[in-house]
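K.L.:
let me see the structure of the following:
(chains A and B)
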Amino acid sequence: MSAPPLTVALAKGKVFDGALRRLSEAGYGVPPGLSDSSRRLVVDSLDGRLRLLLVKGGDVPTYVEYGAADAGIVGHDIVAESGRDVLEPLRLGFARCRLVIAAPTERAGQPLHRRMALRVGTKYPRLTRAYFEDRGLSVDIIPLSGSVELGPLAGLADVIVDMVETGATLKENHLAEVDTLLESEAVLIVNRASHTLKADAVGELVAGLSAVVVV
Amino acid sequence: MATRTPLHGKLPRGVQDLFLADAARRAALEARLATVFRAWGYAEIVPPTFEYYENLALGLGSQVQEATYRFLDHRGHTLALRPDLTVQTARIVGTKLYDQPMPLRFYYTAPVFRYVEVQAGRQREFSQAGIELIGAATPQADAEVVAVAVEALRAAGATDFRVAIGQVDFVRTVLTEAALPPDAARAVQAAVDRKSQADIRAALNGYNSPAALLLGQTPSLVGGPAVIDEARAMAPWPHAQAALDSLAEVYDWLARYGLAESIVIDLGEARGMDYYTGLTFEAFVAGVGFAVVNGGRYDRLVGLFGPPQPAVGFALDVERLMLALGETPTRDHLPHVLVAASDAPAALAAVARLRADGRCVEMDVLGRSLDDLLAYAAARGIGCVLAWRGDALVDVAPEYVR
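P.N.:
Down below sits the predicted model:
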């Protein structure tokens, strides 16, 4: 008799291919040719040990917190932004990037705490609010869902908080980094109940993945 | 026509109406839990729904404090709806029962109120069923409370569940020994709670004393009793050893009770460190991703209100447990028998007898025809209809129902 499969939510997009590769290297029979543009939402691994849920990155922590998925692979930035109460046992060493504050190049040297009514455009309102609250600064947070760099150019925001990998996009848009809020990479997250109820299968997944993580 | 406000007939977020099958299901579940509690010698305690906020706040962690519903009485004192019953029980023992023979065993099933996100069966008003064992600091007392939680889950019908037990004194001692600056200690504690080795390492930021390195190991100190031995070898400090010894004894007692297979030892348990003083535990039931039972030892609480007493207890989240158990069919909310209206003495006597025998009997008060009554019984799911013609009984229990 085989145990029911462990349900793993995979974030579509940036971390998807890397996640599949790690799972496959860890010995799970990932079906070949699986892509996040496929219309399938649920895919079982060939060995029947995993059931993969293909969901939007931002939804992965939600699936995992509620236990609809036992585990998930998603960017650490998204987990932190979600505020969801999940275990985060493993960093996976790929999809590395940083969450930074960036300001128009000519004003990047100006200290943030002396600016009045700073308007901050971001896809990460929660982390951004926490950052400024920690420093006792009241700012106007403007939630955006894409092309955040446009904010300062269009006069919508004074500064932005956004993910950068190389910094090329910032430069193209005449923005310069002011501070780093968070270092991110793909992570494995685990539901608290599953960690106890399915301790063996979860332990296997953590051990399998940690063996293939390149630090 | 009266003008209607925008809120007319609506409910605020976080409360719900329970009726018919759902209400019956919850009442039956609470009754089953209470039966287990009483069987272990626990007596019911019924604190008030609201009291002075300052008393409740005294015993609450800052998170629950923030989630407390507060309001003013006519003299300007701040009152609060209780966010749990543990602080209230501690207040009652500390101020009123301090001279009673110890230990005291109390149980409760009651609604509590917290201004938090509605999540996984938990509204802002939700039901807790719990116990407190006061006046005993032994591992046997700890084990008894965990055992009652397990028995309660079994009696409720849960089959696939596990209890994770930990010891906050272990993590606390290791954190103290690591002698980190306060900010780093907080960050490490949060990372230990998330079982994130990477975050623990990052928060340690170069600290590499044996205690600091052990903190990084806590995510893997989860499993059977062997992890206690593993930890013993790495944590030579007397307080840590005492915490591990005590946890090992709790585990041994649970094994004696035949519950070992429901128990997972988790030495990375770092929740509620400002509140708990020893054993902590959480029970998880398949079907719900959140803990259904939270409990532990809180030896400092009673002393906030009177002579100090050690204490240990748990609270079970009734609606979350219902969510995990799924919608079990129930007929508890239905009368057993529907009786046609009759003024015949024989009918009234028979109905009285049925009720005295414990049957739930609904008597028609609308003077409906037998056909109408049968249709009504079928619609509601009542299995038995009785009618009298004069003094003669006509049993018309219809086969088509049920």
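K.L.:
now residue A:152: phi and psi?
P.N.:
Dihedral angles of residue A:152 (phi, psi; degrees, to the nearest 10) stand at phi -60, psi -40.
K.L.:
how about residue A:189?
P.N.:
Torsion angles, degrees, to the nearest 10, at residue A:189: phi -120, psi 150.
K.L.:
for it, which residues are in contact?
P.N.:
Taking Cβ atoms under 8 Å, 6 or more residues apart in numbering or on different chains as the contact definition, residue A:189 lies against A:60, A:61, A:64, A:71, A:72, A:73, A:74, A:79, A:86, A:87, A:88, A:89. Using the backbone N, CA and C atoms, a C-beta is placed for each residue, glycine as well.
K.L.:
I'd say the last one and residue B:196 touch.
P.N.:
Yes. The pair residue A:89 / residue B:196 is scored as a contact, 6.4 Å apart, by Cβ atoms under 8 Å.
K.L.:
so what's in contact with the two at the same time?
P.N.:
The contact sets of residue A:89 and residue B:196 overlap at residue B:219 (Cβ under 8 Å, 6+ apart).
K.L.:
what about the spatially most central residue of chain A, distance to residue B:294?
P.N.:
Against the mean C-alpha coordinate of chain A, by Cα atoms, centre = their mean, the closest residue is residue A:75 at 2.3 Å. As judged by Cβ to Cβ, to the nearest Å, residue A:75 and residue B:294 stand 30 Å apart.
K.L.:
and the strands in chain A?
P.N.:
Using DSSP state E, the strands of chain A run over A:6-11, A:42-44, A:50-55, A:71-75, A:87-91, A:97-104, A:119-122, A:140-143, A:159-164, A:175-184, A:186-190.
K.L.:
and those strands, which is most packed in?
P.N.:
Highest mean neighbour count of the strands of chain A: strand A:71-75, a mean of 29 (counted as mean count of other Cβ atoms under 10 Å in any protein chain shown).
K.L.:
who's in contact with the strand or helix carrying residue B:89?
P.N.:
Taking DSSP states H and E as the criterion, residue B:89 maps to helix B:86-96. The contact list for helix B:86-96 (Cβ under 8 Å, 6+ apart) reads B:45, B:47-48, B:51, B:55-56, B:58-60, B:82, B:104, B:106, B:108, B:130, B:132, B:134, B:298, B:301-307, B:309, B:311, B:313, B:315.
K.L.:
next structured bit after it?
P.N.:
strand B:104-113.
K.L.:
tell me the strands beside that next one, with direction?
P.N.:
With DSSP bridges as the test, strand B:104-113 is paired with strand B:43-44 (parallel), strand B:125-134 (antiparallel).
K.L.:
residues of that strand that come out buried?
P.N.:
Neighbour-count burial for strand B:104-113, counted by 16 or more other Cβ atoms under 10 Å in any protein chain shown, picks out B:104, B:105, B:106, B:107, B:108, B:109, B:110, B:112, B:113.
K.L.:
and the pLDDT at the last one?
P.N.:
The one in question is residue B:113. At residue B:113, the pLDDT value in this model is 97.
K.L.:
just give the number of residues close to the closest residue to chain A within the stretch 151-300 of chain B.
P.N.:
Of all residues in the stretch 151-300 of chain B, the one sitting closest to chain A is residue B:289 (2.1 Å; Cβ to the nearest Cβ). Neighbourhood size, residue B:289 [other Cβ atoms under 10 Å in any protein chain shown]: 25.
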